[in-house]
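Undergrad: Sequence first, predicted coordinates after that:
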2 protein chains.
Amino acid sequence: MKPQMSDISKAEFEVLESLWQQHPVAANEIILRLNETKPWHEKTVKTLLNRLVKKQAVSFVKEQRRYLYSPLFEREDYTNEASQSLIERMFSGRVSPLVAGFAKNKNLNKEDVEALKSLIDQWEQEHE
Amino acid sequence: MKPQMSDISKAEFEVLESLWQQHPVAANEIILRLNETKPWHEKTVKTLLNRLVKKQAVSFVKEQRRYLYSPLFEREDYTNEASQSLIERMFSGRVSPLVAGFAKNKNLNKEDVEALKSLIDQWEQEHE
DNA sequence: TAAGTTCGATTACGCTTGTAATCATTAACT
DNA sequence: AGTTAATGATTACAAGCGTAATCGAACTTA
């Protein structure tokens, strides 16, 4: 079975975030960096790291008695898969209803709209 | 505590889908309709209904010895909240990176793009 | 009226998740 | 060398989840 990115839990994802920012890195460092925003106990983070290793989402190399951890897939690949999965489950695979909800709830800003416009322009150029 | 839409599980969501299609409706009906697509045991569906009631996501009225169930919030409210939550966790609250991933993976089609364009047009009209 | 059927309510059970604590080993300090 | 500190491995434990089975009351049917 391939590393199924889909069954990464939310807490595990936060640990991955830290690894995507920088790696390879020791547990120690990860804990320090995570604790800037999350009040997680050292032991908790280590458990999460272990689970990520077991799920083949994270690898490590020994550096003396420490391990240096690295993510085994790209952030973008994970977030894209998660987005698609949600959009399939709730919007029949189409992204526009999601964006429509965003617009309705005032969660769009000028910047986002500009970004969307250039995505669309580009898409249209690529499709004849 | 308000009905927290956020802690509806995936299986529970499928039951809600059925209720959004039509309600109020008896467990019996729900089971039949769900079984068109999911191989779920009758008992399983009833457990899910019970959990949804406990989570205040679903209500019921007695009709003789049966219950007739109804959802307690709109599909759109739930899907919007779920979308936002994912987009906050993975894209800092901005929707365009999600759409960018979609574009990159060829998950956009003409229809979707047209829909996005009119959303944008509308947004721009509303924002001077 | 006794037996089967149909509901909802309650209980079950293994797996995952959040959140750690304990154990064992190794490195460092006294 | 003996003690302490750091680090990964193992174990813990309650809540949530998927997936049902069992219980008890009511309704139907023979």
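TA: That came through fine.
Undergrad: How far away from the center of its chain is the one helix or strand residue A:17 maps to?
TA: Following DSSP states H and E, one finds residue A:17 within helix A:10-21. Mean-position distance between helix A:10-21 and its chain equals 7 Å (Cα atoms, centre = their mean, to the nearest Å).
Undergrad: can you check stretch A:102-121 too?
TA: 21 Å.
Undergrad: buried residues in that stretch?
TA: Across stretch A:102-121, burial judged by 16 or more other Cβ atoms under 10 Å in any protein chain shown covers A:102, A:103, A:107, A:108, A:112, A:113, A:115, A:116, A:119, A:120. From N, CA and C alone the C-beta is placed, and that goes for glycine too.
Undergrad: and chain A, which residues reach DNA strand C?
TA: Contact residues (Cβ under 7 Å from any atom of the strand) of chain A with DNA strand C: A:7, A:9-12, A:39-41, A:43-44, A:46-48, A:51, A:64-65.
Undergrad: ok, so of the residues you listed, who is nearest residue A:98?
TA: Nearest to residue A:98, judged by Cβ to Cβ, of the residues of chain A next to DNA strand C is residue A:10 at 19.6 Å.
Undergrad: My read is that that closest one contacts residue B:89, right?
TA: Yes. When contacts are counted by Cβ atoms under 8 Å, residue A:10 is listed as touching residue B:89 (7.2 Å).
Undergrad: So these two - more neighbours on which side?
TA: Neighbours around residue A:10 and residue B:89, counted as other Cβ atoms under 10 Å in any protein chain shown, are more numerous at residue B:89. The numbers are 15 against 8.
Undergrad: mind checking how far that one is from residue A:59?
TA: 24 Å (Cβ to Cβ, to the nearest Å).
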